[in-house]
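J.: Next comes the sequence, and after it the predicted model I'd like to discuss.
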Amino acid sequence: MKSAKTCQKLTAPVSWRDMPWGNYFSAALTQNLQPYLGKLYGFHMLKLGSLSAEINTENCAISHQVNVGPEGEEMQVIARLDQLPFESRSVDACLLVHTLAWSQDPHRVLREVDRVLIDDGWMVISGFNPFSLLGISKLVPWVGRKAPWSGRMFSQMRLLDWLSLLNYEVVYRTRFQVLPWHREGGKLISAHLPALGCLNIVLARKRTLPLTPGKAKKPLGQPQLRPAVNATRQLRESSDQDSGR
């Protein structure tokens, strides 16, 4: 698997207002997340990063929600996202809204989130689609210096690969907002060509058992029974000889 770690210093925007069409992105993400936030349950949820903190999650059944990030007025816990100050298996759900886009080592962030999540816990990830109009415009040299183009754009298939290695079951995934400069993202074109949506969401659940069952291995040192070849025929011949005497 190709490493996603980079030496480039990435500065995440403090708010959705700090990028073009940021309010449109925030509204679209909030709307598309609502049907699935109600399915999350538990006691504690972490909203990682400033952009996650601004997403409305009032409809989530998890009442205790904590904003975590390295900086920002909305943060309730100041911490690095790859070194979370929480015990292992103590959190029920984690929301990573474009958190990986400005992470120098997204693999490390995902492993840290996996550490604090309980068994069967939930991970919700969103990001920018590199195969969209927004992603293609990133190739323009002078554009990539500011958000959202300054962030990293990972394909949804690459995210699925990372989650599979961590043994997560993908419950739901989608793409939307084909036209980034449009408030509603272009409803008609988004309905017919969702693969071109500039925003994507992946909802995954942590599994403790392998998703693909392997072959059962025989325990070492266990005695094996030898097959009785022609045992029935030999017993019958012995009985016939005894009766003829």
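T.: Right, received. Where do you want to start? Just so it is clear, the model here is predicted, and its values are computed rather than measured. Residues are numbered from 1 along each chain as shown.

J.: Name the residues that touch the longest helix along the chain?
T.: Looking across the chain with DSSP state H, the single longest helix is helix 22-37. For helix 22-37, the external contacting residues (CB atoms under 8 Å, 6 or more residues apart in numbering) are 13, 15-17, 19, 51, 54-57, 59-61, 97, 124, 126, 147-148, 172, 174, 176-177, 180-183, 185, 199, 201, 203. Every residue, glycine included, has its C-beta placed from N, CA and C.

J.: In helices, which of the residues you listed appear?
T.: residue 51.

J.: could you give me the average pLDDT of the strand or helix carrying residue 161?
T.: Under the criterion of DSSP states H and E, residue 161 resides in helix 156-165. Average pLDDT, helix 156-165: 95.

J.: what pLDDT does residue 71 get?
T.: For residue 71, the model assigns a pLDDT of 89.

J.: And for residue 5?
T.: 84.

J.: What count of nearby residues applies to it?
T.: Using other CB atoms under 10 Å, residue 5 has 10 neighbouring residues.

J.: Same question for the one 3 residues further on.
T.: Using other CB under 10 Å, residue 8 has 7 other residues around it.

J.: got a list of what the residue nearest to it when sequence neighbours are not counted touches?
T.: Leaving out its chain neighbours, the residue that sits closest to residue 8 by CB to CB, 6 or more residues apart in numbering is residue 104, at 7.2 Å. Counting by CB under 8 Å, 6+ apart, residue 104 makes contact with 5-10.

J.: ok, now with 10 Å
T.: Contacts of residue 104 were listed using CB atoms under 10 Å, 6 or more residues apart in numbering, and they are 4-10, 82, 152.

J.: Just the buried residues out of those, in ChimeraX syntax.
T.: Selection of buried members from the contacts of residue 104 for ChimeraX, criterion 16 or more other CB atoms under 10 Å:
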select :4,82,152
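
J.: for the contacts of residue 104, which one is nearest residue 114?
T.: Checking these against residue 114 by CB to CB gives residue 82 as the nearest, at 11.8 Å.

J.: Please settle this for me: is the closest one part of a helix?
T.: No: using DSSP: H, G, I helix; E, B strand; the rest coil, the secondary structure at residue 82 is coil, not a helix.

J.: Would you confirm that it contacts residue 114?
T.: No: with contact defined as CB atoms under 10 Å, residue 82 does not count as touching residue 114 (11.8 Å).
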